[in-house]
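K.L.:
mind folding the following:
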Amino acid sequence: PNEGPAGGVQHGHSWRATQDLQRDIEEVKVSFQNKTLALQRAQIMDALRNKVNQDDEHSRLILETMKHIVLLSRTIIEYQQQAHQKEQQLIDIKRKRLSLKKNGGQKLQQIQTMMKRQKEKQASVGVTETEKLLDKLEKERQMTTIIQNVFQTIIIGSRVNWAEDPSLKAIVLQLEKNV
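P.N.:
Got it, this is the predicted structure:
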């Protein structure tokens, strides 16, 4: 066998042709089976029609059975419609639930964002308040230092011997301590 590029192409072509033929055979088989079933149904319907027209006990039983089958078929169709309606209701409920879940997530995110902003605002307000208090404290320290210096100057300028007077000594030593 001469296996070259042309041989590989011929092999691929024959394989595809075989596959196509097998598919065609399967389609013909299915078509034949469907036609056979349709013919058998038609034959059964013809036999039933002939039997029902005889008006005997068997034909009455066949008619009652057919009526019962029709009644059962209608009941089945009603139940199928009810089941379909229930499925649609379930789908609607699931959609609403999903929508509520999405909305809940968005609201939760909004609340978290709002709380974060509020904390940031409080933190900035807290920093501002702290800065104000520190400034006020610093001013109070400066004022206290100035008052201490004024008292020291008054005591020293009065030329009183403050070291001998215990109450003045306590005041001057206290003024020496830094606030």
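K.L.:
how many neighbours does the closest residue to Ala163 other than its chain neighbours have?
P.N.:
Spatially, and ignoring its direct neighbours in sequence, Ala163 is nearest to Lys169 (5.7 Å; Cβ to Cβ, 6 or more residues apart in numbering). Yep, even glycine has a C-beta here, placed from its N, CA and C like the rest. By other Cβ atoms under 10 Å, 13 other residues sit near Lys169.
K.L.:
now Gly126
P.N.:
Count around Gly126 with other Cβ under 10 Å applied: 11.
K.L.:
what about it, which SS state?
P.N.:
helix (DSSP: H, G, I helix; E, B strand; the rest coil).
K.L.:
tell me how far it lies from Arg16.
P.N.:
Note on Gly126: its distance to Arg16, by Cβ to Cβ, to the nearest Å, is 81 Å.
K.L.:
next: His68.
P.N.:
Taken as Cβ to Cβ, the span from His68 to Arg16 is 54 Å.
K.L.:
go on, Leu71?
P.N.:
54 Å.
K.L.:
as a whole number, average confidence for stretch 133-147?
P.N.:
The average pLDDT for stretch 133-147 rounds to 90.
K.L.:
for it, buried residues please.
P.N.:
For stretch 133-147, burial by neighbour count (16 or more other Cβ atoms under 10 Å) applies to no residue.
K.L.:
same for whatever helix or strand Ile147 lives in, what does it pack against?
P.N.:
Ile147 is part of helix 57-157, with elements assigned from DSSP states H and E. Under the contact criterion of 3 or more Cβ pairs under 8 Å, 6 or more residues apart in numbering; DSSP states H and E, helix 57-157 touches helix 5-52, helix 166-176.
K.L.:
winner for burial among those?
P.N.:
Most buried of the helices and strands packed on helix 57-157, by mean neighbour count (mean count of other Cβ atoms under 10 Å): helix 166-176, with a mean of 12.
K.L.:
just checking, what packs against it?
P.N.:
Packed on helix 166-176, when contacts are counted by 3+ Cβ pairs under 8 Å, 6+ apart, are helix 57-157.
K.L.:
many thanks, we can stop here.
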